[in-house]
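# Task: produce atomic coordinates for the following.
(one chain, ligands or ions: 1)
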Amino acid sequence: MKETTINKVEKGPNHGGYPSHLGDEWQSEDLSRHEGELDEGIGLFFGFTTVSFVLLSLFIFLVLYLVSPRLAEFHPIIPPIVVFIAIVMVGVAAILLLLTSLTVVTGKNLFPSALTKGGRDKSLIMLITPLAVKLGGLFGFSRDRIASSFIKVNNALVFAAQNKTKTRSLLILLPRCIQHSKCKQKVEIDIDNCKDCGLCDIADIIKICERNSIESFVATGGNIARQLIKEKRPSGVIGVACERELLSGIHDTSGLPVIGIPNLRPDGPCIDTRVNLSKLEDAVKAFMQQDHKISL
Ligand code: SF4
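Numbers count the residues shown, from 1 in each chain. Sure thing, here's the model as predicted:
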């Protein structure tokens, strides 16, 4: 049995000892209206991020323009100092956004190494993403579509920044809906309880883990995923989930390299989901081997 104290925590009294069927991010959603599988390019995220950034900058300068007379009452030097600071901050943010775009497009990490550590290179886009999602919504783009594009940007940044070695400790986190709905095996307690019946992808994922000497867990919720990361302290994570779960998961763990692989949903969200196994193994190799290149 895998060594973890986490999975016992998730069992609760309200659902026969096990969590409810829907993922946290899908509660109160009309599942019949889901958009199916998504494959947005990086342009969607960068488009709304750039527009959000411009609007945010204009808003900051508008506020400064409005409060300047008030500030000048304290001392006439204050408004120009505050405006100068704002110009510097907006300028630095614009450079970071440009570096992010160029890094994603070229696949080469263009950030200074001090910024790459701890995911600081992603700080700006992490900050702007909620605004980009809201703005996208106003133009009829769902959170899932923006998230699909965001995941590609995130993955490209992670791989560009990776200092790959063959000894990295990697963790694969899977959603509970990947287990077949008719399966009674307690894989959320220990994934090795899987009997390799072939109904879902878990058995094949275990084989990928064995081939690459890494661990995998079924995380039955966002809190469990966070606890697993805290307990296992991996140097990298591959998360399989729907776009919206990955969006919030990647934001919650922004200090850690996390690759997101959106699940496949042939029967809709939250039930009998699958994963592209070759994509998953490709991501594992790209994480762990020096010269393995992929496009996610
Ligand atoms: S492969 Fe079969 S036994 Fe294993 S988790 Fe999937 S459905 Fe259950």
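
# which bits of this protein sit near the ligand?
Proximity of the chain to the ligand, by C-beta under 6 Å from any ligand atom, involves residues 179-180, 183, 185, 187, 194-200, 202-203. The C-beta positions use only the backbone N, C-alpha and C, and glycine is treated the same way.

# And the furthest pair within those residues?
187 and 198 (14.2 Å; C-beta to C-beta).

# higher neighbour count, those two?
residue 187 (25 against 9; other C-beta atoms under 10 Å).

# which of the residues of the chain next to the ligand are buried?
In terms of neighbour count (16 or more other C-beta atoms under 10 Å), the buried residues within those are 179, 180, 183, 185, 187, 194, 200, 202.

# And the strands in the protein, which stretches?
Assigned by DSSP state E, the strands in the chain fall at 170-175, 215-219, 236-241, 258-262.

# Export the second one to CSV, keeping only CA atoms.
To tie it back to what came earlier, the one meant is strand 215-219. What follows is strand 215-219, C-alpha atoms only, in CSV (Å, rounded to 0.1, in the frame of the first residue of the first chain):
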residue,chain,number,x,y,z
GLU,A,215,3.8,7.7,-7.7
SER,A,216,0.2,8.4,-8.6
PHE,A,217,-2.8,9.0,-6.5
VAL,A,218,-6.5,9.5,-7.0
ALA,A,219,-7.2,12.9,-5.3
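
# Can you report how many residues lie near residue 211?
By other C-beta under 10 Å, neighbour count at residue 211 equals 11.

# what do you get for residue 105?
12.

# Can you tell me how far the nearest residue to it once chain neighbours are set aside is from residue 72?
Nearest-residue entry for residue 105: residue 42, 7.9 Å, with adjacent residues in sequence omitted and distances by C-beta to C-beta, 6 or more residues apart in numbering. Residue 42 sits 44 Å away from residue 72, going by C-beta to C-beta, to the nearest Å.

# Neighbour count: these two, which is higher?
In terms of neighbours (other C-beta under 10 Å), residue 42 is the more surrounded of residue 42 and residue 72; the figures are 17 against 13.

# wait, isn't that one in contact with residue 153?
Yes: if you go by C-beta atoms under 8 Å, residue 42 and residue 153 touch, sitting 5.2 Å apart.

# Where does the prediction get shaky in the stretch 1-150 of the chain?
1-33, 118 (pLDDT under 70).

# let's go with 90 and repeat that
1-39, 107-127 (pLDDT under 90).

# Relative to residue 132, which of the strands of the chain is closest?
Closest to residue 132 of these is strand 258-262 (C-beta to C-beta; 16.4 Å).
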